[in-house]
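J.: fold the following for me, if possible:
(one chain, ligands or ions: 1)
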Amino acid sequence: MHEFGFKDNELYCEGIKITDIAKTVDTPFYLYSYKTLVDHYKKLKTAFKPINPLIAFSMKSNSSLAVVRALVKNGAGLDIVSGGELYRARLAGVDPKKVVYAGVGKKTEEISSAIEFGILFFNAESEDELDEIQSIAARFGKKVSVAIRINPDVIPKTHRYIATGKGGTKFGLDFETVHKIFNMRWKYPNLNLNGVHVHIGSQILDAGPFEDAIKKTLDFLKTYKIDVEYFNIGGGLGIMYSVENPQTAKNFAKRVIPLLKKSGLKIILEPGRFISGNSGVFVTRVIYTKRTPRKKFLIVDGGMNDLIRPSLYEAYHKIIPVKVSEHSSETCEKVDIVGPICESGDFLGKERLLPQAVKGDILAVMGAGAYGFTMSSNYNSRPRPAEVMVMGKNYYVVRKPETYEDLVKGETIPKALK
Ligand code: LLP
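T.: Numbers count the residues shown, from 1 in each chain. I've put the predicted structure just below:
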């Protein structure tokens, strides 16, 4: 469920018509529903109540300060993956003891600032990284908690670019190496190796692969009598973009709680998309329509630099007009919705049946709250769009659109070229 729905032929976000927002905010822009974000967080929280895990929202899916703050204010922790996300997490007022830090390539300064902040633990992904955290922790004279990320070698059944838990990817460590590391705890006097972490991939629709990964990891801990306090089961819960039938939070919890409960470990979840995906849409305007012998195109003001998922993963996002106007007669036609960028890969949707659209019509690209703005770029020197959050009947521009000055910020032309 989400808070985007039609009333009297107008698409609303919570209590506001999207057309009304577009009167004051220039398209394109991202639009987030506060209520949907919090509802999704609470759905997981409630489903997992019997084991009361830390739910660490994965900031890479949406790191808008307002979004992160909304979740933190409602009790969420955060899964971070860079010094930049740590910086944002701090601005959002997160409790350091609710922050976990993953990623295969943490740099010295990033590790140092996370130690200074006092995060709950690092999810370490290599022996080199453990050595690095050890030496920084020693410099600080601190004992730092670390969970080892295991690559459980399961098949996550998702797009190959977002599958991480199979052998052969760069993520985590194989069981044998993890065993060796736990046997050599003495090598890390400043580390408290008190957790294990798995994250097998993203947009996974069924609990099966999660169960496999959890079972394999728990068997491993049992077989080798490895004593840890935390088990971070990662994120990856899939959502509905079109006809998928993803597990609900409740069903997922029902399948994995019995396994987790038996382990007696403290559990951490790192959902991103499940919370933010359907909490946001990307709003874009038709600037031209164009008929060619083979196809009709709607050329819109949002492109692959704003929302890259269709181009990068051939991801499907439902696209709907925000208003069924006098122009959009009942006759639908097949169109490609494309952006202004100079690449044939620049599309938001292909061969979509839409009511006839004209110049100026506004479209909503659904399910754009996760990996939308966070993956945007300035390609073609396009300023990135605004972000807007709706709370009931009010809306707030939570990030202004970039300006041309922003585009060249920090750039200089060397004297030798003047
Ligand atoms: N934890 C770790 C260690 C991760 O690497 C990720 C996502 C998550 C949690 C959150 O996963 P989620 O619950 O959102 O599935 N850009 C791609 C998705 C990449 C996911 C990367 N890691 C997309 O647009 O589909």
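J.: make it CA atoms for all contacts and neighbour counts henceforth
T.: Noted.
J.: elements contacting the host helix or strand of residue 349?
T.: If you go by DSSP states H and E, residue 349 is part of strand 347-355. If you count contacts as 3 or more CA pairs under 8 Å, 6 or more residues apart in numbering; DSSP states H and E, strand 347-355 packs onto helix 309-313, strand 319-321, strand 332-338.
J.: rerun at 7 Å
T.: Judged by 3 or more CA pairs under 7 Å, 6 or more residues apart in numbering; DSSP states H and E, the packing partners of strand 347-355 are helix 309-313, strand 332-338.
J.: so which of these comes closest to the ligand?
T.: Of all the helices and strands packed on strand 347-355, helix 309-313 sits nearest to the ligand, with 5.5 Å by CA to the nearest ligand atom.
J.: pLDDT of that closest one, averaged?
T.: For helix 309-313, mean pLDDT is 97.
J.: what ranges does the chain have for its helices?
T.: 18-24, 34-47, 65-73, 83-91, 108-117, 127-140, 175-183, 208-223, 249-263, 273-276, 309-313, 404-407 (DSSP state H).
J.: out of the ones you listed, deepest packed?
T.: Sort those by mean neighbour count, taking mean count of other CA atoms under 10 Å, and helix 273-276 sits at the top with a mean of 29.
J.: make CSV from the helices and strands packed on strand 347-355 and add distance to residue 387 to it.
T.: Formatted as CSV, those follow (distance: least, CA to CA, whole Å):
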stretch, distance to residue 387
helix 309-313, 18
strand 332-338, 21
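J.: next, work out how far apart the closest residue to residue 331 other than its chain neighbours and residue 143 are.
T.: Nearest residue to residue 331, sequence neighbours excluded (CA to CA, 6 or more residues apart in numbering): residue 355, at 5.9 Å. To residue 143, residue 355 is 61 Å away according to CA to CA, to the nearest Å.
J.: with respect to the ligand, which of the helices of the chain lies nearest?
T.: Closest among these, using CA to the nearest ligand atom: helix 273-276, at 3.8 Å.
J.: and the contacts of the closest one?
T.: 37, 40, 41, 61, 62, 237, 238, 239, 369, 370 (CA atoms under 7 Å, 6 or more residues apart in numbering).
J.: contacting residues around the second one?
T.: Neighbouring residues of residue 40 by CA under 7 Å, 6+ apart: residue 275.
J.: ditto for the first one
T.: Each residue near residue 37 by CA under 7 Å, 6+ apart is listed here: 275, 276, 279.
J.: now flag whichever of these is closest to residue 291.
T.: residue 279 (33.6 Å; CA to CA).
J.: pLDDT below threshold where in the stretch 151-300 of the chain?
T.: 162 (pLDDT under 70).
J.: pull up the residues of it that are close to the ligand.
T.: 162, 199, 202-203, 234-237, 270-274 (CA under 6 Å from any ligand atom).
J.: please repeat the previous calculation with a cut-off of 5 Å.
T.: 202, 234, 235, 236, 270, 271, 272, 273 (CA under 5 Å from any ligand atom).
J.: export only the CA atoms of the strand holding residue 349, formatted as CSV.
T.: Included here for strand 347-355 are C-alpha records, laid out as CSV according to Å, rounded to 0.1, in the frame of the first residue of the first chain:
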residue,chain,number,x,y,z
PHE,A,347,14.1,6.2,-21.8
LEU,A,348,11.8,5.9,-18.9
GLY,A,349,9.4,3.5,-20.5
LYS,A,350,8.9,1.7,-23.8
GLU,A,351,5.8,0.6,-25.7
ARG,A,352,3.4,1.8,-23.0
LEU,A,353,-0.2,2.2,-23.5
LEU,A,354,-1.1,5.7,-22.3
PRO,A,355,-4.1,8.0,-22.9
